[in-house]
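Can you look at this prediction? I've put the sequence above it.
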Amino acid sequence: YDGKCPFCRIARREEPGTTLLPCQYEDLVCFRDIRPGAPHHYLVVPVEHMGNCKTLKTEHIPVVKRMMEVGKAVLQRNNFSDLNDVRMGFHWPPFCSISHLHLHVLAPASQLGFLSRLVYRINSYWFIT
């Protein structure tokens, strides 16, 4: 736990302004992005402080898979069912605003605005899926 990390504080319910969405795993939390790039824009975050996506190792594959499951589930709970029109990924350092692993879940990807299409561009130098 890092008391200076906003996502650590959100995960421990220390940020009353952030509403946590239902999540099927106790080690993950999900909430809306404060600067949405699409009509549906959620962040899935491990409760335990983890570095950015550059620090991921093979043993983290199950966590990332669960993060994606949570992302799909929150979309479906919010009546978005076209999983072919979804963008999920991580910002690559140094393009992370917060150095705590977080998966961006955006939908519909077809409705991303001009700037969001750049910021969340698939497998670009700054955003990986």
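Right, received. Where do you want to start?

Thought V29 was touching Y42, still the case?
No: using C-beta atoms under 8 Å, Y42 is not in contact with V29, being 10.4 Å away. From N, CA and C alone the C-beta is placed, and that goes for glycine too.

for this structure, which strand is longest?
Selection of the longest strand in the chain by residue count, based on DSSP state E, yields strand 40-46.

Next SSE downstream of that one?
Later in the chain than strand 40-46, the nearest helix or strand by DSSP states H and E is helix 61-77.

Could you give me the buried positions within that next one?
Neighbour-count burial for helix 61-77 flags 63-64, 66-68, 70-75 (criterion: 16 or more other C-beta atoms under 10 Å).

So what are the sheet partners of whichever helix or strand comes after it and their directions?
Next in sequence after helix 61-77, counting helices and strands by DSSP H and E, comes strand 87-91. For strand 87-91, sheet partners with direction are given as strand 103-107 (antiparallel), strand 127-128 (antiparallel), following DSSP bridges.

so strand 87-91 versus helix 61-77, what angle?
If you take axes from the mean of the first three to the mean of the last three C-alpha atoms, to 10 degrees, strand 87-91 sits at 130 degrees to helix 61-77.

can you list contacts of strand 87-91?
38, 52-53, 68, 71, 96-97, 101-107, 109, 112, 120, 122, 126-129 (C-beta atoms under 8 Å, 6 or more residues apart in numbering).

just the buried members of those residues?
Buried among the contacts of strand 87-91 (16+ other C-beta under 10 Å): 38, 52-53, 68, 71, 96, 101-107, 109, 112, 120, 126-127.

Tell me which residues of stretch 43-52 come out buried.
So stretch 43-52, judged by 16+ other C-beta under 10 Å, has buried residues 43-47, 49-50, 52.

Report the separation between the two terminal residues of that stretch.
Start and end residues of stretch 43-52 are separated by 14 Å (C-alpha to C-alpha, to the nearest Å).

Let me see the mean pLDDT of that stretch.
On average, the pLDDT along stretch 43-52 is 94.

Distance from the chain centre to stretch 117-129, please.
14 Å (C-alpha atoms, centre = their mean, to the nearest Å).
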